[in-house]
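1. Have a look; sequence and predicted model below, questions after that.
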Amino acid sequence: MPNASKRTQSMPSSPIRKLAGYAVEAEKRGVHVHYLSIGQPDIAAPESFWNEVGGHSGPLSYTASQGIAPLRDAVAEDYRKRGIRLAATDLLVTVGASEATYFTFMTCFDEGDEVIVVEPFYANYLGFAHEAGVKLVPISTRIEDDFALPRASDIAAKITPRTKGILVCNPSNPTGTIYTVDQLMELAKITKQHNLFFVLDEVYRDFYFGTAKLMSGLEIEGLDENVVVLDSASKRFSLCGARVGFFISRNRDLIAGALKYGQARLSCPTLDQEGVVSAYRRTPQSYFNAVRTEYMARRDLIVELLSKIPGVVCPKIDGAFYALVRLPVDDADKFCEWMLTSFELNGETVQMAPASGFYATPGLGKDEVRIAYVLEKDKLTAAIRCIGAALAKYPGAVRTSVASI
Ligand SMILES: Cc1ncc(COP(=O)(O)O)c(C=O)c1O
């Protein structure tokens with residue numbers, strides 16, 4: 001039998017999905033699993049989407065590779081409403097922000113290039129970097145500092161002749177951290193000075209609980225040629241399955257380059273694009289306000305409940321819908337597996353994402369997990385109760401009597 005390529009053999013698996021098999025087995029045993037592992041919003045998508053996608057007949061055609069014109073128009077107009085200058089030609093529709101990330105790695109970077117990325121980071125960046133032969137150079141942030149960005153001088157110290165970009169997720173998956181205007185401007189200065197690409201993953205921009213300004217990379221003046229923004233309908237409209245995202249840049253060469261990858265996959269899903277046009281054009285502000293209020297309440301709930309469990313450290317969370325939490329365990333990978341294979345509380349258990357896969361630096365995140373608070377509040381309460389009970393029983397628990405933070 002011929003072997004799969006070496007590239008494939010060394011392609012990292014998703015740390016978010018690797019426990020899925022154990023969860024399936026637990027469900028087969030009749031155990032109810034609370035899924036806190038995947039960042040998939042549970043709130044209903046806007047009716048405007050569902051009203052649009054039905055009632056077709058005849059063949060279902062491809063669309064233009066750059067996406068349908070009404071969708072590009074609607075997205076550009078939405079940015080302009082936020083005070084951000086953007087033309088429809090500054091964006092391509094992609095198969096989720098996932099494909100926009102892939103296009104970014106393929107379009108901006110060559111094999112052997114280095115990209116500085118704030119760690120812990122969205123684990124799938126590792127896979128895209130691997131495909132493109134790019135080395136991710138982590139700049140570590142720590143739970144003790146609420147995952148705040150290190151000083152600009154520390155970041156600049158990571159630059160080598162191979163550095164070609166800086167990648168930031170704002171608001172951050174997995175930490176829920178928000179980067180301030182000043183911090184982004186510092187990074188912008190570094191990218192300008194060193195002629196780098198500045199890639200900002202902004203798929204959680206609607207999930208922001210603070211009052212200070214959340215700045216988009218597209219608002220940084222004088223950096224049109226350097227900035228790429230990744231955006232998506234997945235989280236914004238609870239439309240993860242629509243697979244509609246956006247590659248955005250005012251750099252004409254990047255748009256033209258990324259379009260070549262778009263042409264190779266022909267088109268994005270046609271009906272989903274049409275539905276998302278409707279979601280952009282006809283979703284009232286009240287929808288976004290209600291979603292934000294709900295996630296803020298969930299954030300408050302999990303911070304309160306987790307902080308009561310002895311030895312658990314839950315940092316400040318300002319956005320997205322994740323908490324990166326330290327647990328009093330020897331090895332969070334083992335603990336997450338044990339919860340699915342060997343633990344239940346009244347017929348229930350929890351799946352979480354071990355945090356080690358969100359770090360590129362070996363050894364970091366060993367006692368941390370990512371919790372996605374994408375369940376209703378009573379289910380979240382039951383899930384956190386399970387985690388507390390599991391920690392009290394887990395053979396690898398590091399015992400402490402002090403409740404943290
Ligand atoms: C930070 C971040 N970027 C990109 C994506 C990809 O999103 P999608 O492809 O669904 O638009 C995700 C999904 O969870 C994410 O968390």
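-> Arrived safely, thanks for sending.

2. Do a quick rundown of the strands in this protein.
-> 32-35, 91-94, 114-119, 135-140, 163-169, 197-201, 227-232, 245-248, 322-326, 348-351, 353-354, 368-372 (DSSP state E).

3. can you list the ones you listed in CSV and add mean neighbour count and distance to residue 126?
-> Quick note: C-beta positions are derived from backbone N, CA and C, even for glycine. Shown next, in CSV, are these (neighbours: other C-beta atoms under 10 Å; distance: least, C-beta to C-beta, whole Å):
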stretch, mean neighbour count, distance to residue 126
strand 32-35, 18, 22
strand 91-94, 27, 19
strand 114-119, 23, 9
strand 135-140, 17, 6
strand 163-169, 23, 11
strand 197-201, 24, 14
strand 227-232, 26, 16
strand 245-248, 27, 19
strand 322-326, 25, 17
strand 348-351, 24, 21
strand 353-354, 28, 14
strand 368-372, 26, 15
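
4. Let me have these in TSV, adding distance to residue 47 and mean pLDDT as columns.
-> Compiled in TSV, the strands of the chain are given as follows (distance: least, C-beta to C-beta, whole Å; pLDDT from 0 to 100):
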stretch	distance to residue 47	mean pLDDT
strand 32-35	25	96
strand 91-94	22	98
strand 114-119	37	97
strand 135-140	40	97
strand 163-169	30	98
strand 197-201	28	98
strand 227-232	20	98
strand 245-248	22	98
strand 322-326	27	97
strand 348-351	30	97
strand 353-354	31	94
strand 368-372	25	97
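
5. Enumerate the residues of the stretch 101-250 of the chain near the ligand.
-> Contacts of the stretch 101-250 of the chain with the ligand, taken as C-beta under 6 Å from any ligand atom, map to 122, 169, 173, 201, 203, 232, 234, 240, 245.

6. The last one is in contact with residue 92, isn't it?
-> Meaning residue 245. No: Residue 245 lies out of contact with residue 92 (C-beta atoms under 8 Å); the separation is 9.4 Å.

7. shared neighbours of those two, anything?
-> residue 100 (C-beta atoms under 8 Å, 6 or more residues apart in numbering).

8. List phi and psi for whatever residue of the stretch 301-405 of the chain ends up closest to the ligand.
-> Of all residues in the stretch 301-405 of the chain, residue 320 sits closest to the ligand, at 7.7 Å by C-beta to the nearest ligand atom. Torsion angles at residue 320 (phi, psi; degrees, to the nearest 10) stand at phi 60, psi -160.

9. again with residue 375
-> When quoted as degrees, to the nearest 10, the phi and psi of residue 375 stand at phi -120, psi 160.

10. Spit out the contact partners of residue 61.
-> So residue 61 contacts residue 270 (C-beta under 8 Å, 6+ apart).

11. Got the confidence number for it?
-> Note on residue 61: pLDDT of 96.

12. separation between it and residue 93?
-> Counting by C-beta to C-beta, to the nearest Å, the gap from residue 61 to residue 93 is 15 Å.

13. is it true that residue 115 touches residue 121?
-> No: Residue 115 lies out of contact with residue 121 (C-beta under 8 Å); the separation is 10.5 Å.

14. shared neighbours of these two, which are they?
-> Listed as contacting both residue 115 and residue 121 by C-beta under 8 Å, 6+ apart are 136, 167.

15. Quick check: closest non-adjacent residue to residue 396.
-> Spatial nearest neighbour of residue 396, excluding adjacent residues (C-beta to C-beta, 6 or more residues apart in numbering): residue 330 at 4.1 Å.

16. How much space separates the residue in the stretch 51-200 of the chain positioned nearest to the ligand from residue 272?
-> In the stretch 51-200 of the chain, the residue that lies nearest the ligand is residue 96 (2.4 Å; C-beta to the nearest ligand atom). With distances taken as C-beta to C-beta, residue 96 is found 10 Å from residue 272.

17. Check residue 94 too.
-> Residue 94 is 12 Å from residue 272, by C-beta to C-beta.

18. Give me the common contacts of the two.
-> Joint contacts of residue 94 and residue 272 (C-beta under 8 Å, 6+ apart) are residue 244.

19. Kindly state the pLDDT recorded for the residue lying farthest from the centre of the chain?
-> For the chain, the residue at maximal distance from the C-alpha centroid (C-alpha atoms, centre = their mean) is residue 1, at 37.4 Å. pLDDT, residue 1: 92.

20. Quick one: residues contacting it.
-> Residue 1 touches nothing, counting by C-beta under 8 Å, 6+ apart.

21. which residue is nearest the centroid of the protein?
-> Centrality entry for the chain: nearest residue to the mean C-alpha point is residue 173, 4.3 Å, by C-alpha atoms, centre = their mean.

22. Could you give the number of residues near residue 211?
-> Residues near residue 211, counting by other C-beta atoms under 10 Å, number 5.

23. quick one: the residue of the stretch 51-200 of the chain closest to the ligand and residue 247 touch, right?
-> No: applying C-beta under 8 Å, one finds residue 96 not in contact with residue 247, separated by 10.7 Å.

24. Low-confidence stretches in the stretch 201-350 of the chain?
-> Within the stretch 201-350 of the chain, no range satisfies pLDDT under 70.

25. Mind doing that once more with 90?
-> Along the stretch 201-350 of the chain, segments meeting pLDDT under 90 span 210-213.

26. Which parts of it are helices?
-> 252-264, 270-282, 285-307, 332-341 (DSSP state H, counting those that start in this stretch).

27. right, so of those, which gets closest to residue 36?
-> helix 285-307 (9.0 Å; C-beta to C-beta).

28. So what does the nearest residue to residue 164 once chain neighbours are set aside look like in phi/psi?
-> Closest residue to residue 164 apart from its sequence neighbours, by C-beta to C-beta, 6+ apart: residue 113 at 4.1 Å. Torsion angles at residue 113 (phi, psi; degrees, to the nearest 10) stand at phi -70, psi 160.

29. Pull the number of nearby residues for residue 113.
-> 19.

30. so who does it touch?
-> Neighbouring residues of residue 113 by C-beta under 8 Å, 6+ apart: 134-135, 162-165.

31. let's see 10 Å
-> Residue 113 is in contact with 105, 129, 132-135, 162-165, 196-197, counting by C-beta atoms under 10 Å, 6 or more residues apart in numbering.

32. Which residue, other than its chain neighbours, is closest to residue 73?
-> Per C-beta to C-beta, 6+ apart, closest to residue 73 is residue 88, 4.9 Å.
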